[in-house]
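J.: got a predicted structure here, sequence first:
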Amino acid sequence: PGLHSLFVAAGKQYFGTATETNNFNDAPYLAILNDPNEFGQITPENSQKWEITQPRQGQFVFNNSDMVAAKAKTNKQILRCHTLTWHSQLPSFVTATSWTPSTLRAVLQTHLTNVITHFRGACSHWDVVNEALAETGEYRPSVFFNVLGESYIPLSFSIAASASANDPIKPKLYYNDYNTELFPQKTEGALRIVKLIQSSAASGARIDGVGFQSHLTVGKTPSQAALASTYQSFTALGVEVALTELDIAHPSLPATDADREQQAKDYVAVVGACLAVDKCVGVTLWQFTDKYSWIPGIFPGTGDACLWTADYKKKPAYFAVRQLL
Ligand code: XIL
């Protein structure tokens with residue numbers, strides 16, 4: 001048995017991974033990605049982001065994201081869809097125009113409606129708004145916040161709710177962020193966002209879930225009890241939670257055997273916390289092999305964050321997670 005089959009046996013909906021079309025010609029990679037025991041869910045790592053799906057105003061491009069969706073279909077894996085309203089990986093037409101509130105609202109309406117409608121019937125979840133918070137718990141400056149204030153958040157959720165209203169698989173609508181389990185002020189900020197959306201129900205907004213990206217660091221990962229209690233502060237508001245982008249990076253390389261044992265303990269704390277919280281529905285790795293991890297590219301000198309090595313060997317963390325299940 002693999003991670004997904006064991007996770008489902010433990011009462012969860014899925015264990016999955018991010019993947020992207022540039023990985024799809026790597027046979028050893030595909031042997032693991034396509035294994036239904038190992039992964040029951042995939043997320044496109046980049047191809048549904050705004051700079052790819054609407055690179056120029058009014059021009060929608062779905063070539064790569066359709067290939068990821070097709071992969072999910074062939075493999076009978078759930079597709080988590082990522083992401084709609086986000087300050088990063090935006091095309092220049094969004095960042096370099098002086099919008100008024102009403103023109104920017106129209107741009108959001110067009111983008112979210114087109115992308116959600118295109119994937120009708122394919123997405124089990126949508127990360128509707130991604131990373132709206134600074135580490136202080138205040139809103140992060142972005143074209144959306146600067147022009148519309150916090151109203152862009154409930155607006156995005158109301159557009160998403162109406163665009164997916166007739167979807168046969170009714171995607172769950174998520175707020176997704178990182179470090180929301182590390183910094184109490186950021187946790188508070190995310191709780192405030194959930195309540196803000198819930199209080200905007202009259203305008204059609206709805207939130208179903210909160211994604212904890214879970215980009216964590218070996219030796220600095222909170223305990224299972226602390227993580228579970230943070231997740232529960234969200235489920236207490238009536239939303240589900242999921243771990244949407246899990247990886248646990250070594251802060252310096254090369255990692256020693258002792259570092260790899262600590263990494264195993266940290267993975268166990270995080271996956272164990274999801275197991276301990278009823279409404280934690282699933283876990284998604286942000287790639288399963290170090291070969292394709294985003295970490296060393298963005299945080300040089302750190303990495304080896306995944307459950308499989310770059311040459312597809314299972315690490316102690318893999319076996320420790322499996323043992324937990
Ligand atoms: C990352 C991808 O993994 C990289 O390939 C890309 O260059 C940058 O984005 N939070 C998110 C993800 O929500 O979309 C990011 O993915 C990682 C951080």
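T.: Cool, the structure landed.
J.: how far away is the closest residue in space to residue 230 that isn't next to it in sequence from residue 253?
T.: Using C-beta to C-beta, 6 or more residues apart in numbering and skipping residues adjacent in sequence, the residue nearest residue 230 is residue 181, 4.8 Å away. To be clear about C-beta, it is placed using only N, CA and C from the backbone, and glycine gets the same treatment. Distance of residue 181 to residue 253, given as C-beta to C-beta, to the nearest Å: 24 Å.
J.: neighbour count winner among these two?
T.: residue 181 (24 against 13; other C-beta atoms under 10 Å).
J.: check contacts around that one.
T.: Residue 181 makes contacts with 187, 212, 214, 222, 226-227, 230-231, as judged by C-beta atoms under 8 Å, 6 or more residues apart in numbering.
J.: and these, which of them are buried?
T.: 187, 212, 214, 222, 227, 230-231 (16 or more other C-beta atoms under 10 Å).
J.: and the residues you listed as JSON lines, adding pLDDT?
T.: Below are the buried ones among the contacts of residue 181 laid out as JSON lines (pLDDT from 0 to 100):
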{"residue": "187", "pLDDT": "98"}
{"residue": "212", "pLDDT": "99"}
{"residue": "214", "pLDDT": "98"}
{"residue": "222", "pLDDT": "98"}
{"residue": "227", "pLDDT": "98"}
{"residue": "230", "pLDDT": "98"}
{"residue": "231", "pLDDT": "98"}
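J.: so of the residues you listed, which ones are in helices?
T.: 187, 227, 230-231 (DSSP state H).
J.: so which of these reach the ligand?
T.: Among those, no residue is within reach of the ligand (C-beta under 6 Å from any ligand atom).
J.: ok, which pair from these is furthest apart?
T.: Longest distance between any two of these is 11.1 Å, between 187 and 227; criterion C-beta to C-beta.
J.: the residue in the stretch 151-300 of the chain that the ligand sits nearest to: what's it in contact with?
T.: The minimum distance from the stretch 151-300 of the chain to the ligand, using C-beta to the nearest ligand atom, falls at residue 294 (3.3 Å). For residue 294, the contacting residues are 45, 286-287, by C-beta under 8 Å, 6+ apart.
J.: most neighbours among those, which one is it?
T.: Once you tally neighbours by other C-beta under 10 Å, residue 287 ends up highest among the contacts of residue 294, having 26 neighbours.
J.: list the contacts for it?
T.: With C-beta under 8 Å, 6+ apart, residue 287 has these contacts: 17-19, 45, 247, 293-294, 306.
J.: and it, what pLDDT?
T.: The predicted structure scores residue 287 at 98 on the pLDDT scale.
J.: the longest strand along the chain pairs with which strands?
T.: The single longest strand within the chain, with elements called by DSSP state E, is strand 240-249. With DSSP bridges as the test, strand 240-249 is paired with strand 209-212 (parallel), strand 215-217 (parallel), strand 280-285 (parallel).
J.: want to throw those strands into a markdown table with distance to residue 52?
T.: Formatted as a markdown table, the strands paired with strand 240-249 follow (distance: least, C-beta to C-beta, whole Å):
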| stretch | distance to residue 52 |
| --- | --- |
| strand 209-212 | 20 |
| strand 215-217 | 21 |
| strand 280-285 | 19 |
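J.: closest point of the stretch 51-200 of the chain to the ligand, which residue?
T.: Counting by C-beta to the nearest ligand atom, the stretch 51-200 of the chain gets nearest to the ligand through residue 130 (5.1 Å).
J.: is it true that that residue touches residue 89?
T.: No. When contacts are counted by C-beta atoms under 8 Å, residue 130 is not listed as touching residue 89 (9.6 Å).
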